[in-house]
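[1] below are the sequence and a predicted model for it; my questions follow.
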Amino acid sequence: MSRTHSHSHSRSQKNLLFSIVLNIFITVSQVIGGFLSGSLALLSDALHNFTDVVSLIISYVAAKYSSKSATSNMTFGYKRAEIIAAFINSASLIIIAIILIKESVIHFFDPKVINSDLVIWLSALAIVGNGISVLLLLKDRKTNMNLSSAYYHLLTDMLASVAVLGGGLLMKFYGIYWVDSVLTFLIAVYLIYVGFKLFKNSFSVLMLFTPSDIEIQSIVSKINSLPLIKNMHHVHIWQLNEVELHLEAEIDFEEDISLSKFDEILETIEHILITDYGINHITIQPEFNKSDNKNIIVQD
């Protein structure tokens with residue numbers, strides 16, 4: 001691991017830890033305020049914040065474990081920990097959204113008179129706190145599924161708090177008590193959209209699916225066009241984590257070449273795969289006149 005990457009990883013972990021502490025404070029404040037004011041919306045926002053705390057803790061632990069060294073019985077180390085965390089977090093986003101939709105419908109048809117001043121101040125506190133956390137994770141979310149899921153948790157919670165604040169202001173000045181239910185419903189729909197996208201991506205990685213931007217037939221055609229190569233077959237391509245893309249395949253050669261000649265050809269293959277497809281972990285099994293299945297995809 002490069003020094004720059006190590007420093008970035010350490011910074012991300014510190015940002016996560018700070019966000020955890022901040023969201024614990026927000027959650028406790030909103031729970032107390034929700035009971036004191038009688039606001040269901042504030043309690044729902046507190047529940048949402050609580051799930052943020054859980055997801056951030058999962059993300060933090062995953063980030064810590066993902067940097068641990070490999071061992072003889074864990075040859076990949078914990079490199080998939082962050083993908084698992086992203087999967088759990090995205091699934092929880094969808095569950096939270098369904099709960100919010102249910103509660104918003106109930107609250108819409110049965111609005112309660114609440115202490116709007118307390119709602120306004122505590123929702124504003126949540127907006128500031130989550131806003132700080134969102135800014136801390138803004139940069140790293142683009143390169144890390146785990147941090148991306150944590151980021152969207154915080155972003156959607158900040159938007160939910162904006163809805164609660166708007167509802168509080170309308171209740172205070174206009175006596176409109178159903179508006180926060182409508183806003184919460186819309187935010188929950190957005191939550192499902194974001195959560196499903198993250199769920200789909202992390203699920204694909206965990207299931208070892210070929211990345212959607214990789215065309216296997218294109219790779220095979222390009223490798224088969226190289227001198228001395230007869231057939232590339234039994235191909236597997238999968239993503240281990242955010243930065244490692246693996247390929248393993250068998251290659252049937254036209255001639256019974258020497259090991260040194262194979263190494264020369266292998267360097268060419270590696271250059272093509274890295275520069276054209278971003279595949280940075282490559283395992284090739286050389287063959288000559290071997291009687292086996294020559295299909296590109298072979299079920300092991």
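    Okay, I see it.

[2] domain assignment for the chain?
    Structurally, the chain divides into domains by automatic domain parsing as follows: 3-206, 216-287.

[3] ends of the last one, how far apart?
    Between the opening and closing residues of domain 216-287 there is a gap of 20 Å (C-alpha to C-alpha, to the nearest Å).

[4] average pLDDT for that domain, rounded please.
    The average of the pLDDT scores along domain 216-287 is 95.

[5] next one: the longest one
    Domain 3-206 carries an average pLDDT of 80.

[6] what about the helices in the chain?
    3-37, 40-66, 81-109, 116-137, 145-174, 179-206, 216-224, 259-277 (DSSP state H).

[7] now the last one and helix 216-224, what's the angle there?
    In this case it means helix 259-277. An angle of 140 degrees separates the directions of helix 259-277 and helix 216-224 when computed by axes from the mean of the first three to the mean of the last three C-alpha atoms, to 10 degrees.

[8] which residue is nearest the centroid of this structure?
    Central residue of the chain (C-alpha atoms, centre = their mean): Met145, 2.9 Å from the mean position.

[9] ok, now which ones touch that residue?
    Contact criterion C-beta atoms under 8 Å, 6 or more residues apart in numbering gives Glu82, Ile83, Ala86, Leu198, Asn201, Ser202, Val205, Glu242 as the residues in contact with Met145. Bear in mind the C-beta positions are built from the backbone N, C-alpha and C, glycine included.

[10] dump the helices of the chain into JSON lines; add distance to Asn289 as well.
    What follows is the helices of the chain, written out as JSON lines (distance: least, C-beta to C-beta, whole Å):
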{"stretch": "helix 3-37", "distance to Asn289": "44"}
{"stretch": "helix 40-66", "distance to Asn289": "43"}
{"stretch": "helix 81-109", "distance to Asn289": "40"}
{"stretch": "helix 116-137", "distance to Asn289": "55"}
{"stretch": "helix 145-174", "distance to Asn289": "43"}
{"stretch": "helix 179-206", "distance to Asn289": "37"}
{"stretch": "helix 216-224", "distance to Asn289": "17"}
{"stretch": "helix 259-277", "distance to Asn289": "15"}
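
[11] among those helices, which comes closest to Val298?
    When these are compared for distance to Val298 using C-beta to C-beta, the nearest one is helix 216-224, at 12.2 Å.

[12] could you tell me how far that closest one lies from the centre of the chain?
    30 Å (C-alpha atoms, centre = their mean, to the nearest Å).

[13] contacting residues around that helix?
    By C-beta under 8 Å, 6+ apart, the list of residues contacting helix 216-224 from outside reads 210, 229-233, 235, 237, 247, 251, 269, 272-273, 276-277, 296-297.

[14] show me which of these are buried.
    Judged by neighbour count, with 16 or more other C-beta atoms under 10 Å as the criterion, the buried members of these are 210, 229, 231-233, 235, 237, 247, 251, 269, 272-273, 277.

[15] just flag the most distant two among these.
    Using C-beta to C-beta, those span at most 21.2 Å, a distance reached by Thr210 and Ile229.

[16] quick one on the thing from earlier: winner for burial among the domains of the chain?
    Taking mean count of other C-beta atoms under 10 Å as the contact definition, the stretch among the domains of the chain with the greatest mean neighbour count is domain 3-206, which reaches a mean of 19.

[17] what about the longest strand in this structure?
    Of all the elements of type strand in the chain, the one with the most residues (DSSP state E) is strand 229-239.
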